[in-house]
Every structure is written in C-alpha cells, then in structure tokens.
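Asker: Sequence plus predicted model, see below.
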Amino acid sequence: MAQIERREGKKGVSYLITVYGGKNAEGKQVRHRKTFAPPQTWSEARQEKAAWNEASKFEEQIRQGFALDNRQTFAQYAIYALELKRRDGVHESTLERYEDLLKRINPQIGHLKLADIRPGHLNKLYEQLGKEGGRKKEALATARIDLSTEIKQRGFTKTKFAELVGISSKAIGQACRSPVAEATAVKIASALGGKTEKFFAIERNTSPLSPKTILEHHRLISSILALAEKEMLIPYNPAAKATPPRPVKPEPNYFQPETVYAILDAADTEPLKYRIFVYLAVSTGARRGELAGLKWDNVNLSTGQVNINHGLYYSSRRGIYEGETKTGEHRSLKIPSEVVALLKQWRKEQTEVRLLNGDRWQDGGFIFTQDNGHPMHPDTWTGWLKKFSKRHGLPHINPHAFRHSAASALIANHIDVVTVSKVLGHASPNTTGKFYAHMIEDAKAAATDTIADVLIRRKA
C-alpha cells in the first residue's frame, strides 16, 4: 500500500511517497521512499492527484522488483561497475582509460542518484564536453631544460630516477623528448626539488573534445547504466534515450600493394628483429599487442602455423603485462615460408644474445625481446615504425595500417566476410561488415562488372 505526505519547503510543495514492501530478514517493515515535486503552478487538487498517480506507478515498479529508491550516486555505482569489468578480464589499460573518462563525467552527473538520471542530464554533459574548454583541466608540460642532462648530473640513470619519482622509465624518457601530462611533470619537479614552473612550461588545452571522444564518454556511461538496469536499480537506461554526437566514421587507412612492396623492401635493410615484425604484421593482419606478445611456443616452425591467443599490453599501474586478445578470440594463422625462414634465423641469433648475456637473461619465451630477455614495450613498435617511415621516405606507418591492408587484400580477392572476421580476430562477422563496408561494396561492384564483362558485353 502506498502513502503520500504533502510537504512545503523553500522550493515549494513536494510529496514524500512511501511504499511498504513486506519484512526483511530481521522481521522489520521494509519501506521504499521517493520524493515527487509537481509543477508549482498547478492547483493543490491537481498536485495531489498527480502525486497519487506517481505513487501508484512507484508501487507497481517495486512490485516488479525495481529498487528505485536506491541511494547510490552514479559516481559510487561507477566504482562498482568498473570493478566488475576488472573481474571479467577487461584490460588494465582499458580500465585506466575509463577512469580518465570518469574524471570528466563525475563533476557533471556523479552526484546524481541513479534513479534520478534522465536523458537530459546526459545531453547537457555531451553539450558541455563539445564546447570550448571541454579539456579545461588537462595540460601538457614541456621541459624548459635539458632534462636528460639534469638527471645525469644528479647521479641518476633514467631507470633509477624513475624509481625515485614513482613513475615508469618510459615516462621519464618521454619527458626528456616531448610534452607529458602535467601530473607527471609535477612528480618530476618535486623529485628535482623545485616548483613545476621552474622545470616545465605548462600549456593548457581548452579546445572542445571531438565527437568521437564524446561518444567514448557516452558508451562508458551507457555500459554503467545498462548494468544498473540489469540489476533492476533503474527501470530503463537513460543513455539509450540520450542523443550523443554522431562522428563521421573515418575510412580505414590501408596501403596499396605497391606501397606494401616498398615497405618490405625497406624492411629488408633493417635489423632482423624489426624486419620480422614488419613481415608478420603484413602477412597476419594481427594487432600490435598480439604480435608484441608472440612467444616461440605460439609458432610451429615446421608447419608455419601461428597461434594468436594473447597479447602484450601496458598500463601505468601494472607496467607491461600479458592479457587476452582484444575480443578474447583465439585463432591460428598460416604464415608464408619466407617469414618462417626469417624466424628460424632469428631464433639462432636470439640464442647467441641469450648466451652473451648469461645471468642477465630473463627467459619469458618471447620472440621480440630486449637484450636481457624481457619483452619489448608495445609502444616501441609504434615509435620505431614512425622513424622507419621517415628514414626511408615512406608514407606514415602505424601498426594498424597493416591490419587494414590485410583486410583490404582479402576483401578485394573476394574472401567471404566470415573468413576475414576469423583471420582478423573480430568478435563477429558483423563487426567486419560494418568496419569494412566501403571495401566490401567496392569488391561487390568489381564482381558485378566481371559478370557483365563475361556474360553481357560482347567483344568487338
């Protein structure tokens, strides 16, 4: 049975609605409450009638199992939702990204109770993120001094200084060469014993966020509220009724065969380890982390089969770590005999490196290693390819371009979408179809022209 209680306050009239829902394990009466505030311009009779209608709907929702008086705020529930994602195996680097997004989300809606969030709240958030100043709390810091020399003069290696500061040696190296996050600069300046402004020039980015980035915020909010809906804390997911921006989806960047040939020719002049990475990227279409995490146990040098069942990732909290592939899909691919020959040659060279390093070598079974046997940082390959392309006068190369090029080659040669999906390790053929829709349509058009040439158009 529902009850309503009329209240008058500074903001006008409201009604406290109470629904009794049986007794709990201790035998105490369970009460579900919510507050309803009707328009203040309505008459008292109309307000009361609306309050009873609201009470009736609330009572029905409680009967169906919804805990609509849940007092958790979005920020509180987001912590729980992210912990469930961690338990379900979401990569640490992805979770760190979610936490960064929440730093912009929570100031706007974090204080709202789950049951109080409406599509309008989310639309207002997206509008705010798209305005000038959407990044107002973000800043980049550029070293004013020769940071590398400063660290050496103080008797530190970059690795030791990184330990002192409490950040990765990679972050120290980046600070010496290019801008870093303000938070990183603050830690470095503190370790050097001075104010941040003494060692770094701070530049704040006040530009609006791109539609793509705003959509990333929306997807995180939607996933959190979808969980709340699943747990029957809210009757519907307000993010499903919100209106985020629709970014223009860029076409996948891929290389024409002639460019791939030029890249391979250039790779033939590079050290064997890097040459093999390029050849594997071209021939498998695997993701950067999947290639970086390959182990000798994943490769059968007799049959040329490569099993891709994990990847190598980096997070500021865990450092370099092994994890599942992006979609959790495992796949086995056949690599060309030329690549197998290169791998056999590299295995011999790596054995020599291992023997030269003796006790320094920490064997993790990885194909791509540092001189001490540790796996190479996944970002190493992105940086190396950038320098490689400049060194040889090639177009800008990023690891994912090889993946798109492999997909393009398969689709252009009329390989079915299901097979392409399995080669690339997509979660489903639908993902492949959506992402490479333009390529698929071009291949269909070419197939239609072939039919016309063979069956309709007569030779002169």
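Answerer: Thanks, I have it.
Asker: Longest strand in the chain, please.
Answerer: strand 12-23 (DSSP state E).
Asker: now for that strand, which elements pack on it?
Answerer: Other elements packing on strand 12-23 under the criterion 3 or more Cβ pairs under 8 Å, 6 or more residues apart in numbering; DSSP states H and E are strand 2-9, strand 29-36, helix 44-63. Backbone N, C-alpha and C define where each C-beta goes, glycine included.
Asker: Where among the ones you listed is average confidence lowest?
Answerer: Among those, strand 29-36 carries the lowest mean pLDDT, at a mean of 80.
Asker: Would you mind measuring from the most centrally placed residue in the chain to Asp100?
Answerer: Nearest to the geometric centre of the chain sits Thr94, at 4.8 Å (Cα atoms, centre = their mean). Thr94 sits 11 Å away from Asp100, going by Cβ to Cβ, to the nearest Å.
Asker: So Gln61 versus Leu114, what's the distance?
Answerer: As for Gln61, its distance to Leu114 is 14 Å (criterion: Cβ to Cβ).
Asker: Okay, and the beta partners of Arg7?
Answerer: Counting by DSSP bridges, Arg7 forms beta bridges with Ser14.
Asker: how far away is it from Ser222?
Answerer: Arg7 is 35 Å from Ser222, where distance means Cβ to Cβ.
Asker: These two: who's more crowded?
Answerer: Each of Arg7 and Ser222 has its neighbours counted (other Cβ atoms under 10 Å); Ser222 has more, 17 against 12.
Asker: show me what contacts the residue lying closest to the more buried one once chain neighbours are set aside?
Answerer: Distances taken as Cβ to Cβ, 6 or more residues apart in numbering place Ala239 nearest to Ser222, at 3.7 Å, with adjacent residues excluded. The contact partners of Ala239, by Cβ atoms under 8 Å, 6 or more residues apart in numbering, come to 119, 122, 218, 221-222, 225-226.
Asker: and these, which are buried?
Answerer: Neighbour counting with 16 or more other Cβ atoms under 10 Å marks 122, 218, 221-222, 225-226 as buried within those.
Asker: ok, those vs Arg318, which is closest?
Answerer: Set against Arg318, the nearest of these by Cβ to Cβ is Ile221 (25.5 Å).
Asker: Could you pull up the residues touching Leu84?
Answerer: Listed by Cβ under 8 Å, 6+ apart, the contact set of Leu84 reads Leu227.
Asker: In this protein, where is pLDDT below threshold?
Answerer: Applying pLDDT under 70 to the chain picks out residues 22-25, 64-70, 132-138, 250, 444-460.
Asker: Near Tyr261, how many other residues are there?
Answerer: 12.
Asker: Can you tell me the element it falls in?
Answerer: Counting by DSSP states H and E, the element that carries Tyr261 is helix 257-267.
Asker: quick one: whatever helix or strand comes next after that helix to helix 257-267, angle?
Answerer: Where DSSP H and E defines the elements, the next helix or strand beyond helix 257-267 is helix 272-284. Helix 272-284 and helix 257-267 are oriented at 160 degrees to each other (axes from the mean of the first three to the mean of the last three Cα atoms, to 10 degrees).
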